[in-house]
Structure formats: C-alpha cells, structure tokens
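Asks: Kindly return the folded structure for what I paste below:
(chains A and B)
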Amino acid sequence: MTTASTTLHGLASAKDLFALTKPRVMSLVIFTALCGLLAAPGTIHPVLGFTAILAISLGAGASAALNQWYESDIDAVMKRTSQRPLPAGRMDRETALHFGIGLSVFSVVLMGVAINWFSAAFLAFSIFFYAVVYTIWLKRSTPQNIVIGGAAGAFPPAIGWAAVTGDVTLMPVLLFAIIFFWTPPHFWALALFVNSDYSKAGVPMMPVVAGRRSTRKQIFAYSLVLAVVAVAPFALGLTGLVYGISSIILSLVFSGLSLKVAMSETFEPEDMEAEKRLFKFSIFYLFALFATVVVDRLVMA
Amino acid sequence: MSEIDTSQPPMSPEEQKAFQARQKQRAVIMAGLLIFLCVLFYLITIVKIGAST
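Replies: Numbers count the residues shown, from 1 in each chain, chains lettered A, B, ... in the order given. As a prediction, the model looks like this:
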C-alpha cells in the first residue's frame, strides 16, 4: 500500500526528472560510448547499436539520479548545484531514489536482452561503481575522490566496444585509461577556480586538502601520464597515422597548458586564466581525441 | 492500493489546477515513451529473428 502524493512537491515534473539525469554529462557519455562502438572491430545492426547507446545513456542517467539522491545535502550548500531539483525543494528524495533504481534496472535488462549479457554486466558494474563506490563510499573520504570518479566516467567507451564484440581487449582498456587520466586535470582545473564552494560543502577536493600548489603539480603529472596513454594506441600499432598525429599534437598542447597551470601561483579565482584555459581545452581534447579514433578506423577500413 | 495522505493540508484551487496539469503532462510523456519502447522492441525482435535465420 502506498500513500498518494497530494502536494505539488510530491509530484515531480518531467523536466525535473530529466534534469536529475545530468543531461550535459550524458552528452559526453553518449559521445564516448558511440566512439567505442564505432571503433570496435566488427559490425552491429543500426537498431541494436542505437539500443546499446540508449541503454548506456539510461545507465548514466540512473547513476546521476542516485548520485543526486545521496548528495542533496552537499548540493544544497554549493552555488553551482543549489538549483538542482532536490536541494531546490522541487522533488522529494524518495522520488529520486525510485527513479534512479528503476532506470538502472531497466537499462541493464535492456542491454542484456537486446545486446549481450557481458555488456549488461559491465553496465551494471559501472552504475554500482559510480553510485556506491564513488558517491557513497569515497567522495567524502579521500582527496583522490575525483580519480576514482574518473574510473566511473571512463566505462562508456569500453561498454560500447563490448556491445559489438562481446569482450574487452587492449584498445577499449586504453580508451578507458584515456578518460581515467584525463579526469583529474580536467576536474582539478575547475576545482581550482571554484575552490571556495567545495570548502564550504566539506568535500575533500584536492585544492581544499593538499593546497593549490600541490594540485597544480599533480595536474601536470597527470597530463604527462595522459599523453603517454593517449599516444599508446598508435605506438602499439592499434591505430593509424590519423590518430597518431592528432593524439601527439593534442597531447602536446594539453601538457603545455598543464605546465602553465603548474607554474602559476595565482590565488585569486578571477586571475586563474591558465586554469580556465586548460579546463576549456580539456573538453575539446577529449571530444577531438575520441572523434579521431573513429575517423582513423574509417580511414583504415 | 493507495490512500490519501491526510497529514498534508488540502490544496487551493490554483494548486489543484497546477497539480492536475503536471499529472497530465507526465501521463502524455509516459504514453509517448511506451509507444517508443513498443516500436523499439518490435524492431529489435525483427533484427534478432533476421540474424538467427
């Protein structure tokens, strides 16, 4: 037996339920999953390809809903997130939880029934990893939280690949590693110029715990590892020249911008031009790199 | 089975109107999603049958 909602607050609008899935983050998930799917050897029927991307997107939306269900207290004190449906009081937490769990189950079953159960298990694990390991367990307890969160965001291209081949080989592992090592410099650059918000929420974000100087050095260190991982598919003969040349140029620019961040000593968020430039370029970098993986495969084919 | 939550004060006519508009909007979207899923599952079935024969 349930109690019927008799207030506007108890009946979330469709717009707010959609906002709960973090549509902007989902666009990156859709893009990287699609690239993984298109770069995989073999073919998949367009209807099944569409279904696989839909299931991965719904899984990402479910993770985002569960994340916001758990983090409504943090979201309420941060300016950037205070207008989300839960902290703004437009939806109750139970609705978000039910929506998140329902969407998770549906996405995994859809993937299993329509595509294969290996990629369905992979998708289920990625939702569990983001919602439980990252959100509930590690985000509030370690300054390396974003590194762990990066792993959760790095699954989509590997799942897209597994939807076509039914397995995981070295190339999808490298695609995973690219997003994994890209996340810390991308996110810490943002955290540097919105530092005050994270301190207010009590989230142990790297600039809050280790200080700006250490964070800047770590950004540069991660950018060097990222460069090695990004060029690896070409160096190991898994991709052609198109990807090889693009990844070298893009990674040189990324490392150069990270070096500028490492050398910067600014404490005022308004003056953090190097950090803002790196943050903007990092988004372009990931889109360009993954697009090149697909273009390279089409050229090689 | 549902029962009315009596712990909440009754809604004003304006609130009731907004509540019903929201219910209608959600119902329309849900109908659209169900039709979309019917078409999608139909297509998936056709593709799977085609692949196995």
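
Asks: Spit out the contact partners of the spatially most central residue of chain A.
Replies: The centre of chain A sits closest to A:Gly153, judged by CA atoms, centre = their mean, with a distance of 3.2 Å. Taking CB atoms under 8 Å, 6 or more residues apart in numbering or on different chains, we find A:Gly153 in contact with A:25, A:28-29, A:130, A:179, A:183. (C-beta placed from N, C-alpha, C; glycine too.)

Asks: Turn those residues into TSV, columns for distance to chain B and pLDDT.
Replies: Shown next, in TSV, are those (distance: CB to the nearest CB, whole Å; pLDDT from 0 to 100):
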residue	distance to chain B	pLDDT
A:Val25	21	87
A:Leu28	23	87
A:Val29	19	92
A:Tyr130	24	94
A:Ile179	28	95
A:Thr183	32	94
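
Asks: The residue nearest in space to the middle of chain B and A:Ala19, how far apart?
Replies: Residue closest to the mean C-alpha point of chain B, counted by CA atoms, centre = their mean, is B:Met30 at 2.4 Å. For B:Met30, the distance to A:Ala19 equals 17 Å [CB to CB, to the nearest Å].

Asks: averaged over its residues, what pLDDT does stretch A:78-85 have?
Replies: Summarised as a single mean, pLDDT over stretch A:78-85 is 87.

Asks: Go through it and flag the buried ones.
Replies: Residues of stretch A:78-85 classed as buried by neighbour count (16 or more other CB atoms under 10 Å in any protein chain shown): A:78, A:81, A:84-85.

Asks: Please narrow those residues to those residing in strands.
Replies: Using DSSP state E, no member of these sits in strands.

Asks: related to what we said a few turns ago, got a list of what the residue nearest to the centre of chain B touches?
Replies: B:Met30 touches nothing, counting by CB under 8 Å, 6+ apart.

Asks: Could you check the pLDDT of it?
Replies: 94.

Asks: For it, identify the helix or strand it belongs to.
Replies: B:Met30 is part of helix B:13-52 when elements are defined by DSSP states H and E.

Asks: Give me the buried positions along that helix.
Replies: Applying 16+ other CB under 10 Å to helix B:13-52 flags B:19, B:22, B:40, B:43-44, B:47 as buried.

Asks: show me which of those residues neighbour chain A.
Replies: The subset of the buried residues of helix B:13-52 within reach of chain A, by CB under 8 Å from any CB of the partner chain, is B:19, B:22, B:40, B:43-44, B:47.

Asks: Would you mind giving these as a markdown table with pLDDT added?
Replies: Formatted as a markdown table, the entries for these read as follows, by pLDDT from 0 to 100:
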| residue | pLDDT |
| --- | --- |
| B:Phe19 | 87 |
| B:Arg22 | 89 |
| B:Leu40 | 97 |
| B:Leu43 | 97 |
| B:Ile44 | 97 |
| B:Val47 | 96 |
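
Asks: Relative to A:Leu103, which of these is nearest.
Replies: B:Leu40 (15.8 Å; CB to CB).
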